[in-house]
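> sequence-free structure coming up:
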């Protein structure tokens, strides 16, 4: 029988749980999740769940399930959408992910040390990573499950049946996202290497090997791999943007604080090797891995915050509660800034979406979104035109629908009518000229999002709805949906 929990340990545990739950604040103050890719994912769910009921979706889209390591959120959306409706289910699933990750961090620290120390509030800073801000639901879900699975691995210790339990656990984590599966393997290896430092550590993650079967049957991940151009500059940039969210000064200062905390802990020999080895390996993978892997983008970028998270979680120091409160300030400040930004952006998007009242069902829409390369913050409007599919069953050019990679495919659509054809790169103050915007040549409507009104629209375009940062216009040669 375990000894009774000391009062201080109990208080610190509840403090950690409270921090984890606070991670959901941006969702609680926003109707629309302000995530870059979210509208296009929501549109994919719309087609996935339609089952051929909409004649327009049947005409414009195909959806085929693929057994791959990137479908966790899609699977969960089936029961959630039936229970709550599509948009509510998408919001609910996203709202669960940040606190689920935080609770996974609590589970790991409590399992390893039977207490909550300074590691937790520092690690919580990385919950709202760029991967979360860009709307990588599958990856974030797999990361949260990987943390719980690792805690389970440690907790079960020498139980002989552990390997059998982790065969399906590994498969579930992989189904959510292959990167989370890889993180789990690194965590297990690092833990076992610290304990044994021998060949057995390399063999320890073998119970996670079940996903190798579907990977071999499918011929491997589609899409190949690529480091891109100017690798050194790119790798430097993604590390500087490791905690990119809303404010460059705050994000850079937080990154500096986190790195400094890990370095000080290492110099003070306060790094727990059971997690420290995994953090070191993950940090190395951010350099060694390509940007594009298996059809996904930012395969290396998304691991930076994970490496920092595990590095912070490796700090082995349990100060008084007042010190924990002080250490939680970076997380609390960042979550407050993100919540404030989301609240305002959600209100702006709500006004923009009123344009859909003027759009007929089944319309062909050319989305045009201004992307400023010099802008630091995460742009939540890059895929906003995809809401036309969610609510009006429209054909839109802002979806992820590349053949051989994505489950959503276009049919009866102009060539290249997919992401990133909606993006228009322009700096603040530039004239936005849409007179020759290529996707508009095959569309009946143009839906523009930008920080300033478009200076020029295609000839004959009729503005139907306009806000401070968006325009919906009917084009001169507007196809009539049949």
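Sure thing, it's come through. Source: prediction; values computed, not measured.
> use CA for all of it now, contacts and neighbours both
Noted.
> tell me where the chain has strands.
Under the criterion DSSP state E, the chain carries strands at the ranges 61-63, 225-226, 292-293, 364-371, 395-396, 408-410, 423-425, 445-449, 462-466, 470-474.
> give the contact list for residue 214.
By CA atoms under 8 Å, 6 or more residues apart in numbering, the residues touching residue 214 are 67-68.
> and it, how far is that from residue 425?
From residue 214 over to residue 425 the distance is 39 Å, taken as CA to CA, to the nearest Å.
> any chance of the strands of the chain in CSV, with mean pLDDT and distance to residue 200 too?
Putting the strands of the chain into CSV (pLDDT from 0 to 100; distance: least, CA to CA, whole Å) gives the following:
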stretch, mean pLDDT, distance to residue 200
strand 61-63, 95, 43
strand 225-226, 70, 31
strand 292-293, 72, 29
strand 364-371, 96, 50
strand 395-396, 97, 52
strand 408-410, 94, 42
strand 423-425, 93, 50
strand 445-449, 97, 55
strand 462-466, 95, 64
strand 470-474, 96, 59
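> quick check: phi and psi at residue 177.
phi -170, psi 140 (degrees, to the nearest 10).
> I'd say it and residue 70 touch.
Yes. Between residue 177 and residue 70 there is a contact under CA atoms under 8 Å: 4.3 Å.
> any shared contact partners between these two?
Common neighbours of residue 177 and residue 70, using CA under 8 Å, 6+ apart, are 138-139.
> before we move on, back to that, which one of the strands of the chain lies nearest to residue 33?
strand 445-449 (16.9 Å; CA to CA).
> what does that closest one contact?
363-370, 381, 384-385, 440, 454, 469-475, 478.
> same check on stretch 456-474?
351-352, 354-355, 358, 432-437, 440, 444-454, 475-476.
> could you do stretch 108-120 as well?
With CA under 8 Å, 6+ apart as the test, stretch 108-120 has contacts from 9, 12-13, 16, 105-106, 147-148, 150-151, 154-155, 312-319, 323-324, 327.
> 6 Å instead?
Around stretch 108-120, the neighbours that count as contacts under CA atoms under 6 Å, 6 or more residues apart in numbering are 9, 12-13, 151, 312-313, 315, 317-318, 324.
> averaged pLDDT, stretch 120-131. What do you get?
Across stretch 120-131, pLDDT averages out at 96.
> tell me how far the ends of it are from each other?
So stretch 120-131: terminal residues 20 Å apart, CA to CA.
> thinking again about what came up before, out of the strands of the chain, deepest packed?
With neighbours taken as mean count of other CA atoms under 10 Å, those reach their highest mean count in strand 395-396, at a mean of 30.
> would you mind pulling up the elements that that strand packs against?
If contacts are counted by 3 or more CA pairs under 6 Å, 6 or more residues apart in numbering; DSSP states H and E, strand 395-396 sits against strand 364-371.
> could you give the angle of the strand it packs on to strand 445-449?
If you take axes from the mean of the first three to the mean of the last three CA atoms, to 10 degrees, strand 364-371 sits at 20 degrees to strand 445-449.
> any idea how far strand 364-371 is from the middle of the chain?
Taking CA atoms, centre = their mean, to the nearest Å, the mean C-alpha location of strand 364-371 is offset from the chain mean by 22 Å.
> adjacent strands (with direction) for that strand?
strand 395-396 (parallel), strand 423-425 (parallel), strand 445-449 (parallel) (DSSP bridges).
> all helices for the stretch 301-450 of the chain, in order.
301-313, 321-327, 329-352, 387-392 (DSSP state H, counting those that start in this stretch).
> hey, least reliable of those by pLDDT?
helix 321-327 (a mean of 90).
> got the buried residues for that one?
By 16 or more other CA atoms under 10 Å, the buried positions in helix 321-327 come out as 321, 324, 327.
> out of everything not next to it in sequence, what's closest to the last one?
Right, residue 327. residue 121 (6.2 Å; CA to CA, 6 or more residues apart in numbering).
> burial of residue 459, as a residue count?
Using other CA atoms under 10 Å as the criterion, residue 459 is surrounded by 12 other residues.
> so what pLDDT did the closest residue to residue 350 other than its chain neighbours get?
Nearest residue to residue 350, sequence neighbours excluded (CA to CA, 6+ apart): residue 32, at 7.8 Å. If you check residue 32, the pLDDT there is 97.
> number of residues surrounding residue 32?
Residue 32 - counted by other CA under 10 Å - has 24 other residues nearby.
> can you check residue 460 too?
Neighbour number of residue 460 under other CA under 10 Å is 12.
> how close does it sit to residue 394?
Taking CA to CA, one finds residue 460 at 22 Å from residue 394.
> same check on residue 209?
Residue 209 is 41 Å from residue 394, by CA to CA.
> who has more neighbours out of these two?
Remark: of residue 209 and residue 394, residue 394 carries more neighbours, 25 against 16, as counted by other CA under 10 Å.
> need the phi and psi values for the spatially most central residue of the chain.
Centroid check for the chain by CA atoms, centre = their mean gives residue 136 as the closest residue, at 2.2 Å. Phi and psi for residue 136, reported as degrees, to the nearest 10, are phi -80, psi 70.
> quick one: the closest residue to residue 66 other than its chain neighbours from residue 74, how far?
Leaving aside its chain neighbours, residue 66 sits nearest to residue 407 (6.5 Å; criterion: CA to CA, 6+ apart). Computed as CA to CA, the residue 407 to residue 74 distance reads 10 Å.
> scan the contacts of stretch 108-120 and report the most crowded one.
For the contacts of stretch 108-120, neighbours tallied by other CA under 10 Å; top is residue 312, 30 neighbours.
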